[in-house]
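> how would this look folded up:
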Amino acid sequence: MATSTSRMLLALWALVLLAATVQASGGRALRQNSANNLPNCNKSIPGADEAAAKCPQGGVNFVVCITGSAKRGCRPSNNGAFPAAACSSQCFI
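Numbers count the residues shown, from 1 in each chain. Sure, this is the predicted structure:
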């Protein structure tokens, strides 16, 4: 009985810590690599046209890297955004 109570308290403590982390991050902890918050690539974003030209054509949305080590990279948006370390400016098409 004491073991199950200890496990229950430990699980509750872990849940409280997780909730506190998510709240402190403003929810960013859950959507770290999301492509949903990226701007739409359009004519006003310099370099977006060259990067978008590398993406396959079709009905799929893509994330395009404009600056960084992944410059001119293209990946399906369901794979998420490029890591910040590899791409400092990105948008979706």
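
> how about Val64, secondary structure?
State at Val64, reduced to three classes by DSSP: H, G, I helix; E, B strand; the rest coil: strand.

> buried sites along stretch 37-52?
Going by neighbour count (16 or more other C-beta atoms under 10 Å), the buried part of stretch 37-52 is 38, 41, 45, 47-48, 51-52. Every C-beta, even on glycine, is put in place using the N, C-alpha and C of the backbone.

> now, those residues that are in helices?
Assignment to helices by DSSP state H places the following of the buried residues of stretch 37-52 there: 48, 51-52.

> of the residues you listed, which is the nearest to Gly80?
When these are compared for distance to Gly80 (C-beta to C-beta), Ala51 wins out at 16.8 Å.

> show me the contacts for the nearest residue to that closest one once chain neighbours are set aside.
Spatial nearest neighbour of Ala51, excluding adjacent residues (C-beta to C-beta, 6 or more residues apart in numbering): Val64 at 4.1 Å. Contact partners of Val64, counting by C-beta atoms under 8 Å, 6 or more residues apart in numbering, are 41, 48, 51-52, 54-55, 72-74, 90-93.

> ok, now Gln90?
Neighbour list for Gln90: 38, 63-66, 81-82 [criterion: C-beta under 8 Å, 6+ apart].

> of those, which is the most crowded?
When neighbours are counted by other C-beta atoms under 10 Å, Val64 leads the contacts of Gln90 with 30 neighbours.

> quick check: beta-bridge partners of that residue?
Beta-bridge pairing for Val64 (DSSP bridges): Cys74, Cys91.

> what's the distance between it and Ala35?
Distance from Val64 to Ala35, counting by C-beta to C-beta, to the nearest Å: 10 Å.

> list residues touching both of these two?
Applying C-beta under 8 Å, 6+ apart, one finds that Val64 and Ala35 are jointly contacted by Phe92.

> the nearest residue to Glu50 once chain neighbours are set aside: neighbour count?
Nearest non-adjacent residue to Glu50, counting by C-beta to C-beta, 6+ apart: Arg72, 6.2 Å away. Burial measure for Arg72: 15 neighbouring residues, criterion other C-beta under 10 Å.

> with Pro83 instead?
One way to gauge burial is a neighbour count; for Pro83, by other C-beta under 10 Å, it gives 13.
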